[in-house]
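K.L.:
Attaching a predicted model along with its sequence, questions to come.
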Amino acid sequence: MKSKGAFLIARNNAQIDYVKQAVFLAKRVKKYLDIPTTVLTDSVDYLKTTYDETVFDRIIPLDYNPQKNERVYFDGALYQKQATFNNRARCQVYDLTPYDETVLLDTDYIVSNNLLKQCFNSQEDFLIYKESKDIAEVRDEQEFKYISDTGVPFYWATCVYFKKTKTNEIFFNLLQHIEEEWDHYRRVYQITSSLFRNDFAFSIAIHIMNGFTKGDFAQEMPGKMLYTTDKDVLEQLEDDKMMFLVEKKNYLGEYTALCTKGQTIHVMNKFSLNRIIDKELSNG
Amino acid sequence: MDERLSKALDFSNYMVTLNNQKRLLAEKYQENLLVFHNGCQFTATKELINFVKLLLDNHQDDSAVITDDNGIPAIVEDIDSFYNLIIDAYFSASNSYHSEYMKLKNQRNVEKLVDYEK
């Protein structure tokens, strides 16, 4: 019997409590996917003293190593903060995961149905989302189609399924190499920003694994990745139902209400997500 | 503000919200049409249903190769049970789509549109 589980990475910065999101998501993973969750974090003591650690199957400590990878985080269209983007640990997941089959998730991927369970019945060894949809549908989605204007197709590192295979080991080792030589690869792939992004690193690695062309090393995850950007606000969450205020086209700071039910959504506004989690935690 | 414009803007807001909700329902419908069989993903489209029914009608009900949503050829062993699987998924998804769509259509203001399931 092969072991199956979810893997999360939680590295807090001065503005965002990713550990809180990981605790929240682990409960939902158990509820909707019925699999255990392992977390990799550099804040083990904080996790154990502040939250219920029993939601995790395993807690794997990561050395505290703050990065110089700053980015702007929006909280709705009109408010923004700059913070460190501690995102350089993903390539270690292959070695660290205790499971034979792993679903690697971002902590802001709000699982609200059991669709991801289908990954574990797949014949494929590596699944990732390429198809995606902005639920607001008022913005240009080009940046999530290709990694640059003249670049390769964009893949979402937000949600990835992989089996422990020799080929996947090669893939994750390649990811590590790309991460270490990021400045070189981002120039080769014509990415103008120096900010390291896992989505880009995964996209580049998939392109290389496919022999520098289109190929089927990576297959699609079940369904489609639905997302809201950090210019939208998560206003309410109750079980599998979420209410968003999504940016209104050409009216900066104005929003349209939008409701989802039973749909897993990538909620990029981490501030509003944390406010909702606080409410949930205070309600027990 | 001119009352005529104010009413038009209210209606405009309502329409934007209604269209957003309709779009999300359509996405959910597509997701509900997905069927997983032997590790492959199929969408229970009218085309797939017709093709599988054609196989059955032509007495090719043992096994057949059918390409899945990702273009991967899959051997479907028992065509009859596969047919039942996709037709169930189609009707279950379509019925749910229809009932949610009708509920949505009957909401006459923005508040009810985003709260229609309660």
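P.N.:
That came through, no problem. Values in this document were obtained by computation on a predicted structure and should not be read as measured data. Numbering: from 1, shown residues only, chains lettered A, B, ... in the order given.
K.L.:
Mind listing what's buried along stretch A:131-145?
P.N.:
In terms of neighbour count (16 or more other C-beta atoms under 10 Å in any protein chain shown), stretch A:131-145 has its buried residues at A:132-136, A:138, A:144. (C-beta placed from N, C-alpha, C; glycine too.)
K.L.:
And the furthest pair within these?
P.N.:
Distance extremes for the buried residues of stretch A:131-145: the farthest pair is A:S132 and A:V138 at 15.1 Å, using C-beta to C-beta.
K.L.:
mind showing which ranges of chain A have poor pLDDT?
P.N.:
Applying pLDDT under 70 to chain A flags the ranges A:284.
K.L.:
What residues does it have near chain B?
P.N.:
With the criterion set to C-beta under 8 Å from any C-beta of the partner chain, chain A comes near chain B through A:113, A:115, A:118, A:121-124, A:133, A:135-137, A:216, A:219-220, A:222-224, A:226, A:241, A:243, A:246, A:248, A:256-263.
K.L.:
residue ranges of the helices in the chain, please?
P.N.:
Since you didn't name a chain, this refers to chain A. With DSSP state H as the definition, chain A shows helices at residue ranges A:18-33, A:44-50, A:93-96, A:166-180, A:182-188, A:198-209, A:270-282.
K.L.:
Wait, chain B was what I had in mind.
P.N.:
B:3-32, B:46-57, B:79-105, B:110-113.
K.L.:
nearest to chain A, of those?
P.N.:
Chain A sits nearest to helix B:3-32 of all those, at 4.8 Å, using C-beta to the nearest C-beta.
K.L.:
In chain A, what residue comes closest to chain B?
P.N.:
In chain A, the residue found nearest to chain B is A:Q123; the distance is 3.5 Å by C-beta to the nearest C-beta.
K.L.:
Buried among the residues of chain A next to chain B? Make that a ChimeraX selection.
P.N.:
Typed into ChimeraX, the line below selects the buried ones among the residues of chain A next to chain B, using 16+ other C-beta under 10 Å:
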select /A:113,115,118,122,124,133,135,136,219,220,222,223,224,226,241,243,246,248,256,257,258,259,260,261,262,263
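K.L.:
now, which of the residues of chain A next to chain B lie within strands?
P.N.:
A:133, A:219-220, A:226, A:241, A:243, A:246, A:248, A:256-261 (DSSP state E).
K.L.:
Go through those and name the one nearest A:D42.
P.N.:
The nearest member of those to A:D42, counting by C-beta to C-beta, is A:L226 at 29.6 Å.
K.L.:
Centre-most residue in chain B?
P.N.:
Centroid-nearest residue in chain B: B:Y29, 2.7 Å away (criterion: C-alpha atoms, centre = their mean).
K.L.:
Tell me the spacing between that residue and B:V76.
P.N.:
From B:Y29 across to B:V76, the span is 24 Å (C-beta to C-beta, to the nearest Å).
K.L.:
Kindly report the same for A:V39.
P.N.:
With the distance defined as C-beta to C-beta, A:V39 ends up 39 Å from B:V76.
K.L.:
repeat for A:Q123
P.N.:
When distances are taken as C-beta to C-beta, A:Q123 and B:V76 turn out to be 13 Å apart.
K.L.:
OK, contacts around A:F196?
P.N.:
When contacts are counted by C-beta atoms under 8 Å, 6 or more residues apart in numbering or on different chains, A:F196 is found next to A:69, A:85, A:87-88, A:179, A:182.
K.L.:
follow-up on the earlier one: intersection of neighbour lists for A:Q123 and B:V76?
P.N.:
Taking C-beta under 8 Å, 6+ apart as the contact criterion, the common neighbours of A:Q123 and B:V76 are B:N38.
K.L.:
isn't B:I75 right up against B:D62?
P.N.:
No: contact criterion C-beta atoms under 8 Å: B:I75 and B:D62 do not qualify, at 10.4 Å.
K.L.:
Skipping its backbone neighbours, what lies nearest A:A157 in space?
P.N.:
A:N198 (3.8 Å; C-beta to C-beta, 6 or more residues apart in numbering or on different chains).
K.L.:
Need phi/psi at the closest residue to A:H207 other than its chain neighbours.
P.N.:
Counting by C-beta to C-beta, 6+ apart, the nearest residue to A:H207 once its immediate chain neighbours are dropped is A:V152, at 4.4 Å. For A:V152, the backbone dihedrals are phi -90, psi 170 (criterion: degrees, to the nearest 10).
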